[in-house]
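Chemist: Predicted coordinates and the sequence they were generated for:
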Amino acid sequence: MATTRLKDLAAETGLHVMTVSRALRHVGRMRQETRQRVLDVARRMNYRPSAAAAAMRTGRTGCVALLAGARPEDSSLSPAALLALSAEVARRGGYLAHAVLPAREASSCQALLPRLLARRLVEGVLLDCTPEQAAPLKPFLRRNRIPALLLGQLRAAGAAQLDEAAAVRAAAQLFERIEDKTVAR
């Protein structure tokens, strides 16, 4: 089945593509009947906005990367904290992409970069690894102005892992950094 595009909706409704776009985004002035007609046609034609097109238009992907060390003992997140973190990212309109950092044998910083970072698909990074594993990534993150947070530093003294509340706070801190970066542009 082919993907429904804005121009397909425009052809079906007899409206200009920009009018359809504004109706779908609920911006601009237009008659409520026109907006509702566009929404009804979009629903009937199973229209889904293109995340890639939105990212190009806004410069935002909504993606937060959780980069984990390859060894389970390096993790700061309990399963419950991981679920709480995922839920908080989703509540804030984003989604969590998980990648495992390669083993230390990799010789160059480029080899350590997960594709998510190398392709600049993320807005922020949560590092669930040791400070030593995070160290080679920090210059890249700074140079590319990607906000990052090392989860291990947020653990309570003596705690083996973050609890759910701390995971939610971590997501909130990262989103604050992401928003600050957006404002600073």
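Modeler: Received it, and whenever you're ready, just let me know what you need. Small disclaimer: the values here were computed from a predicted structure and weren't measured. Numbers count the residues shown, from 1 in each chain.
Chemist: CA only for contacts and neighbour counts going forward, please
Modeler: Will do.
Chemist: Run through the helices of this protein in chain order.
Modeler: 6-13, 17-25, 32-44, 51-58, 79-91, 109-112, 115-118, 131-134, 138-143, 164-184 (DSSP state H).
Chemist: Comparing those, which yields the minimum mean pLDDT?
Modeler: When the helices of the chain are compared by mean pLDDT, helix 109-112 comes last with a mean of 54.
Chemist: Go ahead and name everything in contact with stretch 62-79.
Modeler: Residues from elsewhere that reach stretch 62-79 (Cα atoms under 8 Å, 6 or more residues apart in numbering): 89, 93-103, 116, 121-130, 133, 151-152, 155, 160-163, 167.
Chemist: want to throw the helices of the chain into JSON lines with mean neighbour count?
Modeler: Below are those laid out as JSON lines (neighbours: other Cα atoms under 10 Å):
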{"stretch": "helix 6-13", "mean neighbour count": "17"}
{"stretch": "helix 17-25", "mean neighbour count": "17"}
{"stretch": "helix 32-44", "mean neighbour count": "15"}
{"stretch": "helix 51-58", "mean neighbour count": "11"}
{"stretch": "helix 79-91", "mean neighbour count": "18"}
{"stretch": "helix 109-112", "mean neighbour count": "15"}
{"stretch": "helix 115-118", "mean neighbour count": "16"}
{"stretch": "helix 131-134", "mean neighbour count": "16"}
{"stretch": "helix 138-143", "mean neighbour count": "13"}
{"stretch": "helix 164-184", "mean neighbour count": "16"}
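Chemist: State the distance from the closest residue to Ala51 other than its chain neighbours to Ser75.
Modeler: Residue nearest to Ala51 in three dimensions, not counting chain neighbours: Thr61, with 7.4 Å by Cα to Cα, 6 or more residues apart in numbering. Thr61 is 26 Å from Ser75, where distance means Cα to Cα, to the nearest Å.
Chemist: ditto for Thr58
Modeler: According to Cα to Cα, Thr58 stands 33 Å off from Ser75.
Chemist: Just to check, Val41 is in contact with Gly14?
Modeler: No: look at Val41 against Gly14 with Cα atoms under 8 Å: they stay out of range, at 11.1 Å.
Chemist: I'd guessed Met45 sits against Thr3; true?
Modeler: No: using Cα under 8 Å, Met45 is not in contact with Thr3; the gap is 9.3 Å.
Chemist: if you count what's nearby, which of these two comes out ahead?
Modeler: More neighbours surround Met45 than the other of Met45 and Thr3, with 15 against 12 (other Cα atoms under 10 Å).
Chemist: Which neighbouring residues are in contact with the residue lying closest to the more buried one once chain neighbours are set aside, exactly?
Modeler: Of all residues not flanking Met45 in the chain, Thr4 sits nearest, at 6.8 Å (Cα to Cα, 6+ apart). For Thr4, the contact set (Cα under 8 Å, 6+ apart) comprises Met45, Asn46, Tyr47, Arg48.
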